[in-house]
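Q: got a structure for you, letters missing:
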């Protein structure tokens, strides 16, 4: 892992692949704690590694050795919140509250939407443009969830109940001919190479509305809208809602951008430069 200064200059490097102290197998999440330490969520090693000033100060066992990506979690006050997959459990996922000593002090269920998709054994094979569940961690200890094809965001409380809903009256657009052709080619490949039969009911007919949900550290909700159709000018659009759910702004960038965090009036994310190299970008929110 590498650390960089705000101006992008390299600072330090630490860790290597493995299962020993200070080693990692599959880092699925990073979260800065209020005390200045950095918690690293290692999926395959099933543990949390805590760093301060580049040195390991603690290692704690994670409650499950299985995981999903992208990781949903982060610090909210003194606790680390971590969405953990429980194989065969009911519900299938729970939000675990972990204190500063690495001890789980509570859990709450996280609803998992049932979205049918083609499978090979236990492996799900999502189709291009098909619906998927979006989720985001709220620093107040909640989880936001949505279906990518429905503009409805649900805030899930500690008991697993929906405590807030944000909607916008926007209908999904039909797939373009080029997009439908790309889905058909993908399905033909699945059938010819893997013998997967895709029922007609699973073939997507409309494009997603939503691509990502990001919750700022002030509680505002940033919704990344779906990519424009092929052939359209590429860019990234956001709807911004205040914590109470009122839509307060929209923002458009003239290039593809994956928003990762919004903290203290700045946005952080990943985009490609003119040479196609991925870079971390930051900008101040107007």
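A: Alright, I've got the coordinates. None of the values given here were measured: they were computed from a predicted structure.

Q: Skipping its backbone neighbours, what lies nearest residue 282 in space?
A: Of all residues not flanking residue 282 in the chain, residue 268 sits nearest, at 5.0 Å (CB to CB, 6 or more residues apart in numbering). (Glycine included, C-beta is placed from N, CA and C.)

Q: could you list every residue that touches the one you found?
A: Contacts for residue 268 were tallied using CB atoms under 8 Å, 6 or more residues apart in numbering; they are 259, 260, 261, 262, 280, 281, 282.

Q: cool, and residue 125?
A: Shown in contact with residue 125 (CB under 8 Å, 6+ apart): 117, 118, 119, 190, 196.

Q: Could you do residue 201 as well?
A: Contacts of residue 201 (CB under 8 Å, 6+ apart): none.

Q: That one: what secondary structure?
A: Secondary structure, DSSP: H, G, I helix; E, B strand; the rest coil: residue 201 is helix.

Q: pLDDT score assigned to it?
A: Looking at residue 201, its pLDDT stands at 91.

Q: For residue 180, see how far away it is.
A: The span separating residue 201 from residue 180 equals 16 Å under the rule CB to CB, to the nearest Å.

Q: Tell me which residue lies nearest the centroid of the chain.
A: Residue closest to the average C-alpha location in the chain (CA atoms, centre = their mean): residue 70, at 4.4 Å.

Q: and the closest residue to that one other than its chain neighbours, what does it touch?
A: Closest residue in space to residue 70, ignoring its immediate chain neighbours: residue 28 at 7.8 Å, by CB to CB, 6+ apart. Listed by CB under 8 Å, 6+ apart, the contact set of residue 28 reads 41, 42, 43, 67, 69, 70, 71.

Q: out of those residues, what pair is the most spread apart?
A: Distances among the contacts of residue 28 were taken as CB to CB; the most separated pair is 42 and 70, at 15.2 Å.

Q: the strands in the stretch 51-200 of the chain, which residues?
A: Assigned by DSSP state E, counting those that start in this stretch, the strands in the stretch 51-200 of the chain fall at 55-61, 73-76, 79-85, 93-98, 104-109, 119-120, 123-124, 133-138, 142-147, 152-156, 162-167.

Q: Average pLDDT for the fourth one, rounded please.
A: Spelled out, that is strand 93-98. Across strand 93-98, the average pLDDT comes to 91.

Q: Report pLDDT for the residue nearest to the centre of the chain.
A: 88.

Q: same check, this time on residue 90
A: The model reports residue 90 with a pLDDT of 57.

Q: what do you get for residue 132?
A: For residue 132, pLDDT reads 94.

Q: Quick check, it in contact with residue 112.
A: No - using CB atoms under 8 Å, residue 132 makes no contact with residue 112, being 11.7 Å away.

Q: Compare those two (neighbour count), which wins?
A: Neighbour count, other CB atoms under 10 Å: between residue 132 and residue 112, residue 132 has more, with 17 against 14.

Q: The spatially closest residue to the more buried one that is not a sequence neighbour: what's it in contact with?
A: Leaving aside its chain neighbours, residue 132 sits nearest to residue 148 (5.1 Å; criterion: CB to CB, 6+ apart). Contact partners of residue 148, counting by CB under 8 Å, 6+ apart, are 131, 132, 133, 134, 208, 209, 210, 211, 226.

Q: Skip the chain neighbours and tell me the closest residue to residue 256.
A: Per CB to CB, 6+ apart, closest to residue 256 is residue 234, 5.4 Å.

Q: Next one: the one you found from residue 185, what distance?
A: Taking CB to CB, one finds residue 234 at 22 Å from residue 185.

Q: which element is the nearest residue to residue 58 once chain neighbours are set aside on?
A: Spatial nearest neighbour of residue 58, chain neighbours left out: residue 50 (4.1 Å); criterion: CB to CB, 6+ apart. Assigned by DSSP states H and E, residue 50 falls within strand 47-52.
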